[in-house]
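K.L.:
sequence below, structure please.
(2 chains)
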Protein chains: 2
Amino acid sequence: MTNIDLLPVTLREVGLRDGLQSLSRTLPTDQKIEWLRAAHAAGQREIEVGSFVPARMLPQLADTAQIVDAAKALPGLVTSVLVPNLKGALAAIDSGADLMLLPISVSHAHSLANLRRTPDEAVAELARVRAARDAAGSRCRIEVGLSTAFGCTIQGRVDEDEVLRMLRAVLDAGAEEVGLADTVGYADPLQVTRLFEKGLAIAGERLSCGHFHDTRGLGLANVFAAWQVGVRRFDACLGGIGGCPHAPGASGNVATEDVAYLFASMGVPTGIDFDALIALRGRVAQWLDGEALHGTIARAGLPKTMLAA
Amino acid sequence: MTNIDLLPVTLREVGLRDGLQSLSRTLPTDQKIEWLRAAHAAGQREIEVGSFVPARMLPQLADTAQIVDAAKALPGLVTSVLVPNLKGALAAIDSGADLMLLPISVSHAHSLANLRRTPDEAVAELARVRAARDAAGSRCRIEVGLSTAFGCTIQGRVDEDEVLRMLRAVLDAGAEEVGLADTVGYADPLQVTRLFEKGLAIAGERLSCGHFHDTRGLGLANVFAAWQVGVRRFDACLGGIGGCPHAPGASGNVATEDVAYLFASMGVPTGIDFDALIALRGRVAQWLDGEALHGTIARAGLPKTMLAA
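P.N.:
Numbers count the residues shown, from 1 in each chain, chains lettered A, B, ... in the order given. Have a look, this model is predicted:
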């Protein structure tokens, strides 16, 4: 056990974006704002509230600007939005969001299928986003999520050297933060250890986020592995909603409450009030009646050793 | 990443004992023997086949001597049985099993509730088991499973120093192998790292087994943590059957197929034929129709990167 500190860890809630966009229903704006406020009240301090994509593509997130407005009223909250391109970035800058996340896929096949551009074309778009942000005098931070960094359902294996090449490329093109994302649930903890160690050697603390899915049961082991080598910020989705379109019945994003429990069990602060988070999970389950929720700790409850006296 | 080797890992199948004893039904002897043979055919080389306890207490395992007979016919298989006391140990020696596992609880409260003796009284019984084994000229190895090593549903916290004191005590009393067991699913990966590191410093390779439950979603993270510090043998239960009596709906033992997937994903050999194991899981699910099976990988399937071409 070398170099392990118990510094605070940030969980970025992605349920309002990554979770909701994968459902066919649209959660009403009022309920999204209730979720947002309750998540903030439960101690969550970074929330991805939506995505600036055309409403015809993702009607579930068409009210993103309104949700950003509501988020900005909450003290101490980092309001994060996803943007697929320059047009989305301009909307994000205009909205006053604190951070915009641009996903860039390392897998060539996935990049073409998902964003209709090659990874290198996506890097060129990132450079345009950076120029526009700087020209606007905006403080909106630019983060790149390197998706399919651990494998791809279309092309299969993704070469580690290619991930590292893309990491350098997005830093050069103006990304201020970068995360590595296991978009399809292929990562294993040894691969996570290896790739984050190499990535941190290149990017230092600019490699600031791990995004893991629990599709094959390794989500928390992968979070632990990344934490061990120094990652202190993770994406997570309340109730693990969203599932995985490539594996019916299987979960998608790691569940926020499970990741919060993992860190709490190790004595690592996340600022999250566990009971408040579980209560919110119950309300979200009601709003999304009929959708499958995932995650484990909500079923079993906290161990006796962690209950308030 | 220091000192990580990819040496083979052994998964001891405990479904036929730990899994079946927790169900109210009794699986017929013929089906147990089918399970045993299919597990061996799938590459499993250590199987806990039953328990020598009075049949009135666990009628589900009353045919243990017959299962040991069947197991001994399988080449290269280590036949493991659980024994609660000297009487059980004598039956194990008589049966010709290769290894007997004596559970000793570190938690005083759990020990009294479960075995009606204090931990130190259990250590005295272990010494009698060792003397009897030696006197019989038997080659049946003696393993102690230190249960509730990471916490207890009755007394709550279990002190690490007490675990290490008990580890020394059971080695002194004649245990040839020892495992640390998270009997109730309270362990976290940092605690696992710490306790196994300290235990290995005391016991060396005699501390040879990790037994983890997935009750709160940390089962595989805990297996990974123990593996990282040098543990190369783990208990696991096909389909995670058995659940957890203290947490309805929650899983108990880590699922064999999930642990097999964890190691396969990292390139660590276990000798297990994954497809054969999943096929066996399907048959066990039919035999146990109506019982809840757990585990994740059986739902999602292997990633494209691990499928045969």
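
K.L.:
stretch A:192-212: end-to-end distance?
P.N.:
Counting by C-alpha to C-alpha, to the nearest Å, the length from the leading to the trailing residue of stretch A:192-212 is 10 Å.

K.L.:
how about residues contacting it?
P.N.:
Stretch A:192-212 is contacted by residues A:12, A:14, A:143, A:145, A:149-150, A:160, A:163-164, A:167-168, A:171, A:175-183, A:187, A:219, A:222-223, A:225-235, A:253-254, B:1 when judged by C-beta atoms under 8 Å, 6 or more residues apart in numbering or on different chains. (C-beta placed from N, C-alpha, C; glycine too.)

K.L.:
go with 6 Å
P.N.:
Applying C-beta atoms under 6 Å, 6 or more residues apart in numbering or on different chains, the contact partners of stretch A:192-212 are A:160, A:164, A:167, A:171, A:177-179, A:181-182, A:219, A:222-223, A:225-226, A:229-231, A:233-235, A:254, B:1.

K.L.:
and these, which are buried?
P.N.:
A:160, A:164, A:167, A:171, A:177-179, A:181-182, A:219, A:222-223, A:225-226, A:229-231, A:233-235, A:254 (16 or more other C-beta atoms under 10 Å in any protein chain shown).

K.L.:
that older thread, inside strands: which ones of the contacts of stretch A:192-212?
P.N.:
Judged by DSSP state E, the subset of the contacts of stretch A:192-212 located in strands is A:Glu177, A:Val178, A:Gly179, A:Ala181, A:Arg233, A:Phe234, A:Asp235.

K.L.:
tell me which of those is nearest to B:Leu20?
P.N.:
The nearest member of those to B:Leu20, counting by C-beta to C-beta, is A:Phe234 at 38.0 Å.

K.L.:
for the residue of the stretch 51-200 of chain A found nearest chain B, which non-adjacent residue is spatially closest?
P.N.:
Closest contact between the stretch 51-200 of chain A and chain B, by C-beta to the nearest C-beta, is at A:Asp188 (3.5 Å). Once flanking residues are discounted, A:Asp188 sits nearest to B:Ser265: 3.5 Å by C-beta to C-beta, 6 or more residues apart in numbering or on different chains.

K.L.:
can you redo the ones in strands among the contacts of stretch A:192-212 as a markdown table with distance to chain B?
P.N.:
As requested, these are exported to a markdown table (distance: C-beta to the nearest C-beta, whole Å):
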| residue | distance to chain B |
| --- | --- |
| A:Glu177 | 24 |
| A:Val178 | 21 |
| A:Gly179 | 20 |
| A:Ala181 | 15 |
| A:Arg233 | 18 |
| A:Phe234 | 13 |
| A:Asp235 | 17 |
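
K.L.:
sheet partners, orientation included, of whichever helix or strand A:Glu143 is part of?
P.N.:
A:Glu143 belongs to strand A:141-147 when elements are defined using DSSP states H and E. When pairing is defined by DSSP bridges, strand A:141-147 lines up against strand A:99-105 (parallel), strand A:177-181 (parallel).

K.L.:
could you give the angle of the longest helix anywhere in chain A to strand A:141-147?
P.N.:
Under DSSP state H, the helix in chain A containing the largest number of residues is helix A:119-135. For helix A:119-135 against strand A:141-147, the angle by axes from the mean of the first three to the mean of the last three C-alpha atoms, to 10 degrees is 170 degrees.

K.L.:
what does the stretch 51-200 of chain A have sitting close to chain B?
P.N.:
Residues of the stretch 51-200 of chain A lying close to chain B (C-beta under 6 Å from any C-beta of the partner chain) are A:Gly151, A:Gly156, A:Arg157, A:Tyr186, A:Asp188, A:Pro189, A:Leu190, A:Thr193.

K.L.:
which residue ranges of chain A form helices?
P.N.:
All helices of chain A, identified by DSSP H, fall at A:20-21, A:29-41, A:64-72, A:86-95, A:108-115, A:119-135, A:160-172, A:189-203, A:219-228, A:256-266, A:274-287, A:297-300.

K.L.:
most tightly packed of these?
P.N.:
Highest mean neighbour count among the helices of chain A (mean count of other C-beta atoms under 10 Å in any protein chain shown): helix A:219-228, with a mean of 28.

K.L.:
right, is it up against chain B?
P.N.:
Yes - counting by C-beta under 6 Å from any C-beta, chain B is contacted by helix A:219-228 at A:Leu220, A:Ala221, A:Phe224.

K.L.:
wait, which of the residues you listed is closest to A:Pro54?
P.N.:
Nearest member of the residues of helix A:219-228 next to chain B to A:Pro54, counting by C-beta to C-beta, is A:Leu220, at 35.1 Å.

K.L.:
could you tell me the per-residue confidence at the closest residue to A:Leu220 other than its chain neighbours?
P.N.:
Excluding the flanking residues, the one nearest A:Leu220 by C-beta to C-beta, 6+ apart is B:Ala221, at 4.7 Å. Looking at B:Ala221, its pLDDT is 98.

K.L.:
A:Leu61 and A:Gly50 touch, don't they?
P.N.:
Yes - taking contacts as C-beta atoms under 6 Å, A:Leu61 lies within contact range of A:Gly50: 4.7 Å.

K.L.:
hang on, the earlier thing: redo the strands paired with strand A:141-147 as a markdown table? Include mean pLDDT.
P.N.:
Converted to a markdown table, the strands paired with strand A:141-147 look like this (pLDDT from 0 to 100):
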| stretch | mean pLDDT |
| --- | --- |
| strand A:99-105 | 97 |
| strand A:177-181 | 98 |
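
K.L.:
distance to A:Gln66 added to these, as JSON lines?
P.N.:
Below are those laid out as JSON lines (distance: least, C-beta to C-beta, whole Å):
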{"stretch": "strand A:99-105", "distance to A:Gln66": "17"}
{"stretch": "strand A:177-181", "distance to A:Gln66": "25"}
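
K.L.:
which of the ones you listed sits closest to B:Leu82?
P.N.:
Of all those, strand A:177-181 comes closest under C-beta to C-beta, at 43.3 Å.

K.L.:
tell me the angle that closest one makes with helix A:189-203.
P.N.:
Going by the same axes, to 10 degrees, strand A:177-181 makes 160 degrees with helix A:189-203.
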